[in-house]
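Colleague: Quick one, fold the following:
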Amino acid sequence: MKQVRFAAIGLDHFHIYGQIDLMLRAGAEFVAYCGTEQKFFPKPFAEVYPQARRVDDKRRILEDGSIDLVLSAAINNERAPLGIEVMRHGKDFMADKPGITSLAQLAEVRKVQAETKRIYSICYSEHFETRSTVKAGELLHAGAIGKLVNSVGLGPHRLNRPRRTDWFFQREKYGGILTDIASHQCEQFLFFADRLDAELVTATVANRANPETPEFQDFGEMLLRTPDATGYIRVDWFTPDGLPTWGDGRLTLIGTEGYMELRPCRQEGRPAHRLRRRRAALWTPARRRCRRSHRDRHAAGALLRRRRACPDGAGESRAVAVRTPTWQRSGPSR
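Modeller: Coordinates of the predicted model:
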């Protein structure tokens, strides 16, 4: 099988590192990149990826017939036009989320994709780069909690204003808070509900604490619905600076026979014993039911746990599914 050769155009968000690393882990070859590195990147791009050459003109990548795929984390509203250009040059395209910021862009992307038959993909890091989300999908599709009834996705983020460039606060360029960061939760709802589309029931956006940038939205919420499930989404830019992670995101999946809770974000700087206490608190109801049934695992049902330590040992990413005990389903609540 031919090895995929890929390049990157547009380095305006550090998500480009995750996109590149995903392709490298899949066995692809990183050959070139074009774009201006951001001041908040931890290391010069050339030090992290010495195997790739830097080019000053994106046409050198677009016109290189040996390159199969182009990745991009350009300014949000520039990703779709770039993807269209990439597909018209006979290459596949992977954008960081949001891959599209308007309905007009969506229509044009669909048109060109149909004409060229190339792949236009979007990398949702909170799914494809998060092991707990992947594991939750495996558990759900295996029937661990029955059929999905409802999901609640919470996506708090730290604003970190000093490192943000001007485009980040301009509505036309970043796309709005629901298009930008809530796209993660929208993709997850469709994935867990096993649907290609959903009805948008209601949505709200607001600027509550940043009057100096009136086009910026710092809060958003929405409700999605399919014939079998509903999904509530809330996102914001209110993570306090003192929290040791960019955002303590949460995902809860309610099924007909149990539920799952995910807290996928790393908790850098938190002592291991505190992490253990938090985990114990999460499992307490199931453990009490086990004690009532004299630790009979069959009577208590299946308790599926997943805990993954980060490579650097700084935190964890996990998904848990708790199945309702048989005796509790058949009798009165205790």
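
Colleague: For residue 235, which non-adjacent residue is closest in space?
Modeller: Of all residues not flanking residue 235 in the chain, residue 155 sits nearest, at 4.1 Å (CB to CB, 6 or more residues apart in numbering). For the C-beta atoms, the positions are set from N, CA and C on the backbone; glycine is no exception.

Colleague: what pLDDT, on average, does the helix or strand encompassing that neighbour get?
Modeller: Taking DSSP states H and E as the definition, one finds residue 155 inside strand 148-156. Here strand 148-156 scores 97 as its mean pLDDT.

Colleague: Same check on stretch 77-91?
Modeller: Averaged over stretch 77-91, pLDDT sits at 98.

Colleague: What residues sit buried inside the next helix or strand after the strand holding residue 155?
Modeller: Per DSSP H and E, strand 148-156 leads on to helix 171-174 as the next helix or strand towards the C-terminus. Residues 171, 173, 174 are the ones in helix 171-174 that count as buried (16 or more other CB atoms under 10 Å).

Colleague: do the same with stretch 89-101
Modeller: Under 16+ other CB under 10 Å, the buried positions of stretch 89-101 are 89, 91, 92, 93, 94, 95, 96, 97, 98, 99, 100, 101.

Colleague: what's the distance between the helix or strand the fifth one falls within and the middle of its chain?
Modeller: Which is residue 94. Taking DSSP H and E as the criterion, residue 94 maps to strand 92-96. Offset of strand 92-96 from its chain centre (CA atoms, centre = their mean, to the nearest Å): 15 Å.

Colleague: Give me the helices and strands touching the following helix or strand past it, please.
Modeller: Using DSSP H and E, the helix or strand that follows strand 92-96 in sequence is helix 103-116. Counting contacts by 3 or more CB pairs under 8 Å, 6 or more residues apart in numbering; DSSP states H and E, helix 103-116 is packed against helix 79-88.

Colleague: Please put the alpha-carbon coordinates of the helix it packs on into PDB.
Modeller: This file holds the C-alpha atoms of helix 79-88, laid out as PDB (Å, rounded to 0.1, in the frame of the first residue of the first chain):
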ATOM      1  CA  ARG A  79     -10.200  26.900   5.900                       C
ATOM      2  CA  ALA A  80     -13.100  26.200   3.600                       C
ATOM      3  CA  PRO A  81     -11.800  28.300   0.700                       C
ATOM      4  CA  LEU A  82      -8.400  26.700   1.100                       C
ATOM      5  CA  GLY A  83     -10.000  23.200   1.200                       C
ATOM      6  CA  ILE A  84     -11.800  24.000  -2.100                       C
ATOM      7  CA  GLU A  85      -8.500  25.000  -3.700                       C
ATOM      8  CA  VAL A  86      -6.800  21.900  -2.400                       C
ATOM      9  CA  MET A  87      -9.500  19.600  -3.800                       C
ATOM     10  CA  ARG A  88      -9.400  21.300  -7.200                       C
END
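
Colleague: residue boundaries of the helices in the chain?
Modeller: For the chain, the helices defined by DSSP state H cover 15-25, 45-48, 59-62, 79-88, 103-116, 125-128, 131-141, 171-174, 177-180, 182-193, 272-292, 297-300, 326-330.

Colleague: May I see those helices organised as JSON lines, with distance to residue 243 added?
Modeller: As requested, the helices of the chain are exported to JSON lines (distance: least, CB to CB, whole Å):
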{"stretch": "helix 15-25", "distance to residue 243": "20"}
{"stretch": "helix 45-48", "distance to residue 243": "26"}
{"stretch": "helix 59-62", "distance to residue 243": "38"}
{"stretch": "helix 79-88", "distance to residue 243": "29"}
{"stretch": "helix 103-116", "distance to residue 243": "34"}
{"stretch": "helix 125-128", "distance to residue 243": "17"}
{"stretch": "helix 131-141", "distance to residue 243": "19"}
{"stretch": "helix 171-174", "distance to residue 243": "23"}
{"stretch": "helix 177-180", "distance to residue 243": "19"}
{"stretch": "helix 182-193", "distance to residue 243": "18"}
{"stretch": "helix 272-292", "distance to residue 243": "14"}
{"stretch": "helix 297-300", "distance to residue 243": "35"}
{"stretch": "helix 326-330", "distance to residue 243": "36"}
